[in-house]
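Q: sequence unknown, structure follows:
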């Protein structure tokens, strides 16, 4: 980096395509040196937001500031932003070194400086010795490293990623996630990363911004988003969840809710949102890894018996789909004892979990 990192601030930013709102009054601050992931389903506005920061789209309302300076009227080539695309966008007829050097050549820097900075960028992304190869002679991971080096070599104030790993196979994608995170920390550059992949956002981010329908629905650290989702949408979108239907029967002594599970009829006291009244329907969300298999009696757990309906073996873990009087419950078991240690389809089991591990929301409108 040639200077201190610069933050990004969006205030009331909106974008319409005809009568269709893509981004609706979005407020977002990215601190200098922070890595923020915009996460959400297709059509939620995350890529449009990224393109407005880059200057590739103009906002219809609101203000974008980079390093404290208003950028709305600044053209893309004057914003000093590096961008890495999903398609890599490499010149097929140019060598690795020429692709990386392109932005520096356009800035008319001296040839010796261009060569030195290209060599440094290639070392950063572990591309030494590949200077003369063209993109067709590279693997997918190497092409992605070239695109990353090309974005870094100009020493941008902000680095933007638009789902850059979507085209890679799983193992390479996971390795590249770690490499990008390590490089971002080493360089200290302010970074915004767009993805629809929950695991990618959890791996990469200082902070995750979850978007739905052109709006931010929750922002927090990966741990906060995963452990304390703020809405039914966030809880269902991030990771796997059990959803148990229940009906509110009243308020608990501690200010929470008393609910009756359907169809089993079991009554529980759980933490719940304000404004819920007796007779209201709710869903109790529970992570599979919070469910214990055949726990001892007592232990402060909710216990429920059931029958294993389906077993999914995934190497490191096994998922048990268990039919219970309260509905289907999925339990995630670590495979410390190998696949032979897991119950089989048709086995009777007991599941247990803490009431505190359940998150209560009103059911989605279309449920």
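A: That came in fine, so what should we check first? A quick note: this is a predicted structure, and the numbers were derived from the prediction, not measured.
Q: which stretches in the stretch 51-200 of the chain count as strands?
A: 61-66, 69-70, 81-85, 158-162, 190-195 (DSSP state E, counting those that start in this stretch).
Q: any idea which of those strands is most buried?
A: Counting by mean count of other CB atoms under 10 Å, strand 190-195 has the highest mean neighbour count of those, with a mean of 26. C-beta here means a position set from N, CA and C on the backbone, and glycine is covered the same way.
Q: quick one: the helices in the stretch 201-350 of the chain?
A: Listed in chain order, the helices of the stretch 201-350 of the chain (DSSP state H, counting those that start in this stretch) span 222-227, 232-237.
Q: residue 328: which of the ones you listed is closest?
A: Residue 328 lies closest, by CB to CB, to one member of those: helix 232-237, at 15.1 Å.
Q: so what does the closest one touch, helix or strand wise?
A: Contacts defined by 3 or more CB pairs under 8 Å, 6 or more residues apart in numbering; DSSP states H and E place helix 232-237 against strand 207-212, strand 215-220, strand 281-286, strand 359-361.
Q: for that helix, list every residue counted as buried.
A: Across helix 232-237, burial judged by 16 or more other CB atoms under 10 Å covers 232, 233, 234, 235, 236, 237.
Q: kindly report the same for stretch 301-308.
A: Buried positions in stretch 301-308, judged by neighbour count with 16+ other CB under 10 Å: 301, 302, 303, 304, 306, 308.
Q: ok, now stretch 329-349?
A: Residues of stretch 329-349 classed as buried under the neighbour-count rule (16+ other CB under 10 Å) are 329, 330, 331, 332, 333, 342, 343, 349.
Q: next step: the residues you listed restricted to strands.
A: In strands, defined here by DSSP state E, the members of those are 329, 330, 331, 332, 333, 349.
Q: mean pLDDT added to the strands of the stretch 51-200 of the chain, as JSON lines?
A: Below are the strands of the stretch 51-200 of the chain laid out as JSON lines (pLDDT from 0 to 100):
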{"stretch": "strand 61-66", "mean pLDDT": "97"}
{"stretch": "strand 69-70", "mean pLDDT": "96"}
{"stretch": "strand 81-85", "mean pLDDT": "90"}
{"stretch": "strand 158-162", "mean pLDDT": "94"}
{"stretch": "strand 190-195", "mean pLDDT": "96"}
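Q: which one of those strands lies closest to residue 274?
A: Between residue 274 and the strands of the stretch 51-200 of the chain, the tightest spacing by CB to CB is seen for strand 61-66, at 31.0 Å.
Q: contacting residues around that closest one?
A: Outside strand 61-66, the residues within contact range by CB atoms under 8 Å, 6 or more residues apart in numbering are 6-14, 25-26, 52-53, 70-72, 79, 81, 157-158.
Q: verify the contact between residue 81 and residue 154 for me.
A: No - the criterion here is CB atoms under 8 Å, and residue 81 misses it with residue 154 at 9.0 Å.
Q: out of the helices and strands packed on helix 232-237, which gets the lowest mean score?
A: For those, mean pLDDT drops lowest on strand 359-361, to a mean of 89.
Q: strands paired with that strand, and their directions?
A: On the basis of DSSP bridges, the sheet neighbours of strand 359-361 come out as strand 281-286 (antiparallel).
Q: in this structure, spot the helix with the most residues.
A: Identified as the longest helix of the chain according to DSSP state H is helix 170-187.
Q: buried residues of that one, list them for me.
A: With burial defined by 16+ other CB under 10 Å, the residues of helix 170-187 counted as buried are 173, 176, 177, 179, 180, 181, 183, 184.
Q: redo the residues you listed as a markdown table? Include distance to residue 312 and pLDDT.
A: Converted to a markdown table, these look like this (distance: CB to CB, whole Å; pLDDT from 0 to 100):
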| residue | distance to residue 312 | pLDDT |
| --- | --- | --- |
| 173 | 22 | 85 |
| 176 | 27 | 85 |
| 177 | 24 | 89 |
| 179 | 30 | 86 |
| 180 | 30 | 88 |
| 181 | 29 | 91 |
| 183 | 35 | 87 |
| 184 | 34 | 90 |
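Q: which one of these is nearest to residue 137?
A: If you rank those by distance to residue 137 using CB to CB, residue 176 comes first, at 19.0 Å.
Q: ok, that closest one to residue 225 distance?
A: Computed as CB to CB, to the nearest Å, the residue 176 to residue 225 distance reads 22 Å.
Q: cool, residue 62 as well?
A: Note on residue 62: its distance to residue 225, by CB to CB, is 24 Å.
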